[in-house]
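> how does the following fold in three dimensions:
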Amino acid sequence: MEKWYVIQVLTGHEERVKRSCIDMIDSDILEECFIPYIIKKKKYKGEWHDIEEILFKGYVFMISDDIDRLYQELKKVPEITKMLGRKDKVIYPIEDKEVEFISEFAKDNHKIDMSYGFIVDDKITITEGPLEGKEGMIRKIDRHKRKAVIEISFLNQIVMAEVGLEIISKVSSDNK
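Residues are numbered from 1 along each chain as shown. The predicted structure is shown next:
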């Protein structure tokens, strides 16, 4: 049965490690290698642009049904070989609930799209995007930077992650 794993890599080297793994590890061992991204809005030159950022900086995700062979194959990847000398463990299994979160939020392309919503009084309602129906995960909103901080489980720890969120309107029920 295929399982999801994550390897820790140097921050900023995620794409290079992913590419090396895809190139060097046989596809019958490594079913998929990917990095989850978020799509956010960023303003520059006076306009808002969609940008992509890594959701979990310093991590590369892998799907395999043979952890022992995958571990042996990872020793061929130069960036990972350096890390093997410093740690007993380089590859970590991901819990089913974490796999479910990433699969549901990021869909098949492993990218978490922008969400859109509105606020009435202090109640957030998401009308479109991966946060729809999951407003309870939101811990903080920065309307000016069009992002939200959500609380999620990653490697059996609660972590805060930024995702794209545009609040279309904020009103008080008194103003209706």
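> can you pull out the strands in the protein?
All strands of the chain, identified by DSSP state E, fall at 3-8, 32-34, 37-44, 47-54, 59-64, 91-93, 111-112, 115-120, 123-128, 138-142, 147-154, 157-171.
> where among the ones you listed is average confidence lowest?
Mean pLDDT per stretch puts strand 91-93 lowest among the strands of the chain, at a mean of 85.
> give me the distance between that one and the centre of its chain.
Between the centre of strand 91-93 and the centre of its chain there are 16 Å (CA atoms, centre = their mean, to the nearest Å).
> can you tell me what sits against that strand?
K3, W4, Y5, V6, I7, Q8, M62, I67, L70, Y71, L74, L155 (CB atoms under 8 Å, 6 or more residues apart in numbering). C-beta here means a position set from N, CA and C on the backbone, and glycine is covered the same way.
> let's see 6 Å
With CB atoms under 6 Å, 6 or more residues apart in numbering as the test, strand 91-93 has contacts from K3, Y5, V6, I7, Y71, L155.
> neighbours around the spatially closest residue to F34 that is not a sequence neighbour, how many?
Of all residues beyond its chain neighbours, the one nearest F34 is H110 (4.7 Å), with distances taken as CB to CB, 6 or more residues apart in numbering. Neighbours of H110 under the rule other CB atoms under 10 Å: 16.
> kindly report the same for E98.
Using other CB under 10 Å: E98 sits among 17 other residues.
> again with A148
With other CB under 10 Å as criterion, A148 counts 26.
> cool, and the one 3 residues further on?
Residues within reach of E151, counting by other CB under 10 Å, total 13.
> any idea how far I25 lies from E32?
11 Å (CB to CB, to the nearest Å).
> out of these two, which sits in the busier spot?
Using other CB under 10 Å, the more surrounded residue of I25 and E32 is I25, with 20 against 13.
> so I124 makes contact with M137?
No: between I124 and M137 there is no contact, the gap being 10.5 Å when judged by CB atoms under 6 Å.
> tell me the confidence at the residue nearest to I124 when sequence neighbours are not counted?
Closest residue in space to I124, ignoring its immediate chain neighbours: E135 at 5.0 Å, by CB to CB, 6+ apart. Looking at E135, its pLDDT is 94.
> returning to that earlier point: and which of the contacts of strand 91-93 is nearest L55?
V6 (11.5 Å; CB to CB).
> how many neighbours does the closest one have?
For V6, the neighbour count with other CB under 10 Å is 19.
> with M160 instead?
Counted with other CB under 10 Å, M160 comes out at 11.
> quick one: contacts for it?
V149.
> try 7 Å this time
R139, V149, E151 (CB atoms under 7 Å, 6 or more residues apart in numbering).
> kindly state the beta-bridge partners for it.
With DSSP bridges applied, M160 shows beta-bridge pairing to E151.
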